[in-house]
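Student: Quick one: sequence and predicted model below, then my questions.
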Amino acid sequence: MGSELNLAGWTRKLTGKPTITVGSVGLDGEFLQFMVNTDKVAQPASLENLQERLNNEEFDLVAVGRALLVDPDWAQKVREGCEQDLLPFSREALMTLV
């Protein structure tokens, strides 16, 4: 049987220590598929499941990486309920950081 818990969830459950989750937060796909396939774009994804897991104390903090790289206003847009304005992530977006 599988588990809905990720590494942060299992670590918190087994140790009781605070944890932080990370990985494709706010995006509809995993990191590697966008690095291998240069034509693929990660679209913004719903945060409902993440919020539910945070409310259930599966983990204590959430780290956001790629979504912030492409959209520095990501947190503000989420806080203001403007998720429809979030920008998609693509491999090319990383080139703008150089």
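Tutor: The structure has been received and is ready for your questions.
Student: any idea which element A67 lies in?
Tutor: If you go by DSSP states H and E, A67 is part of helix 66-70.
Student: Would you mind listing the buried residues in that helix?
Tutor: Buried positions in helix 66-70, judged by neighbour count with 16 or more other C-beta atoms under 10 Å: 66-67, 70. C-beta here means a position set from N, CA and C on the backbone, and glycine is covered the same way.
Student: What of stretch 86-98?
Tutor: 86, 89-90, 93.
Student: Let's see which of those end up in strands.
Tutor: If you go by DSSP state E, those have 89-90 in strands.
Student: Give me the lowest-pLDDT entry from the buried residues of stretch 86-98.
Tutor: Here the lowest pLDDT out of these sits on A93, with 72.
Student: returning to that earlier point: a markdown table for the buried residues of stretch 86-98, including distance to D60?
Tutor: Formatted as a markdown table, these follow (distance: C-beta to C-beta, whole Å):
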| residue | distance to D60 |
| --- | --- |
| L86 | 24 |
| F89 | 25 |
| S90 | 31 |
| A93 | 29 |
